[in-house]
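1. Mind folding the following:
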Amino acid sequence: MKIANWADADPKVLSRIRGVCLDIDETLSTRGKLTAEAYGALWRLKDAGLRVVPITGRPAGWCDLIARFWPVDAVVGENGAFSFFMHEGRRMRIQTPGAAEDPRPGLSRLAARVKERFPEASWASDQPYREYDLAVDFCEDVAAWPRSRVDELVELCQAEGAHAKVSSIHVNSWFGDYDKYSGFAHLLAHFPGSALPPADRWLFIGDSPNDEPLFARFPVSVGVANLKAFTDRLKHPPAYLTRAESGAGFVEMADRVIEAVSGVT
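-> Below is the predicted model:
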């Protein structure tokens, strides 16, 4: 399937958008850093009246901070396991159906199998702050693994009955019937006062194969340019690609959306 250039997206279609969902690592961030321009684009989206919801593989500990301190309406964490948001001054949680009640025994068994097959494997540095998944670092704080080795790890996790998704930095594995999109859909259905726009008025922007459930379901889906490295892995690529990579691509997306919705009520 051919992916169109973001610059060619129809302004009339973009003018209907009322919310922006985004991946974080190498979509909002750039080589592990959150630039002033990308963070400023979050604020500009909010100032334009748009709802903003990160949907990330990052852990509960990070999501607590994001919900409290970033200009966002909610955050969906650990590949869809839960959502955090602020309501009347308190940090609230919505649990996604399908997440295991106690994932620890399954994750412990999976970790043992991973170490047995891949003795060089290191857990992600944020693993202590996770509740529902096991994250193996393949390039964030370790020397980059060859792609074939990453694929072998995914196959092992799936053979053990886990979901396994490749992000730009980790292989995330979990037990349960949920993904990034089902976590977002559950948030929409249970957010207080039904205050979020309906699903057909949102855009999603991401950068890696674990974003595929979102590329497949959002009416307007965008990949930042660095997604090109993974497009051969995708059965459901995004509709558009930005010209720029990572955070600069996120800013490119935000500029066009803000322009399209400006003056539209």
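2. And the chain, split by domain according to the record?
-> 4-98+181-261, 104-174 (automatic domain parsing).
3. Show the end-to-end separation of the first one, please.
-> Across its full length, domain 4-98+181-261 reaches 21 Å between end residues, using C-alpha to C-alpha, to the nearest Å.
4. What residue, apart from its backbone neighbours, is nearest Ala41 spatially?
-> Leaving out its chain neighbours, the residue that sits closest to Ala41 by C-beta to C-beta, 6 or more residues apart in numbering is Ala254, at 4.0 Å. In short, each C-beta sits where N, CA and C put it, glycine included.
5. Likewise for Ile169?
-> Going by C-beta to C-beta, 6+ apart, Ile169 has Glu140 as its nearest residue, at 4.0 Å.
6. surely the one you found meets Ala124?
-> Yes. Glu140 lies in contact with Ala124 (C-beta atoms under 8 Å); the separation is 6.7 Å.
7. Mind checking which of those two has more residues around it?
-> Ala124 (25 against 17; other C-beta atoms under 10 Å).
8. contacting residues around that one?
-> 130, 135-137, 140-141, 169-170 (C-beta atoms under 8 Å, 6 or more residues apart in numbering).
9. which pair in those residues spans the largest distance?
-> For these, the maximum inter-member distance is 15.3 Å, found between Arg130 and Asp141 (C-beta to C-beta).
10. List the buried residues for stretch 217-229?
-> 217-218, 220-227 (16 or more other C-beta atoms under 10 Å).
11. okay, how far is it across stretch 153-166, tip to tip?
-> Span of stretch 153-166 from end to end, C-alpha to C-alpha: 10 Å.
12. Now do that stretch, average pLDDT.
-> Taken as a whole, stretch 153-166 has an average pLDDT of 97.
13. And Tyr178, its phi and psi?
-> When read as degrees, to the nearest 10, the backbone of Tyr178 gives phi -160, psi 160.
14. Which ones among the contacts of Ala124 lie within helices?
-> Judged by DSSP state H, helices contain none of the contacts of Ala124.
15. now these: which count as buried?
-> The buried subset of these (16+ other C-beta under 10 Å) comprises 130, 135-137, 140, 169-170.
16. If you count contacts, what does the helix ranked longest in the chain end up packed against?
-> Secondary structure of the chain per DSSP H: the longest helix is helix 246-261. Here helix 246-261 touches helix 11-14, strand 19-22, helix 36-47, strand 202-206, going by 3 or more C-beta pairs under 8 Å, 6 or more residues apart in numbering; DSSP states H and E.
17. got a markdown table for the ones you listed, with mean neighbour count and distance to Val72 too?
-> Converted to a markdown table, the helices and strands packed on helix 246-261 look like this (neighbours: other C-beta atoms under 10 Å; distance: least, C-beta to C-beta, whole Å):
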| stretch | mean neighbour count | distance to Val72 |
| --- | --- | --- |
| helix 11-14 | 13 | 20 |
| strand 19-22 | 24 | 9 |
| helix 36-47 | 17 | 7 |
| strand 202-206 | 28 | 14 |
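18. Arrange the ones you listed in JSON lines, one row each, with mean pLDDT and distance to Phe191 as further columns.
-> Below are these laid out as JSON lines (pLDDT from 0 to 100; distance: least, C-beta to C-beta, whole Å):
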{"stretch": "helix 11-14", "mean pLDDT": "96", "distance to Phe191": "23"}
{"stretch": "strand 19-22", "mean pLDDT": "98", "distance to Phe191": "11"}
{"stretch": "helix 36-47", "mean pLDDT": "98", "distance to Phe191": "16"}
{"stretch": "strand 202-206", "mean pLDDT": "98", "distance to Phe191": "13"}
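19. coming back round to it: any idea which of the domains of the chain is most buried?
-> Mean neighbour count (mean count of other C-beta atoms under 10 Å) peaks for domain 4-98+181-261 among those, with a mean of 19.
20. So what's the gap between that one and the chain middle?
-> 7 Å (C-alpha atoms, centre = their mean, to the nearest Å).
21. in which helix or strand would I find Ala67?
-> Applying DSSP states H and E as the criterion places Ala67 in helix 60-69.
22. So for that helix, mean pLDDT?
-> 98.
23. Mind checking what helix or strand follows it in sequence?
-> strand 75-77.
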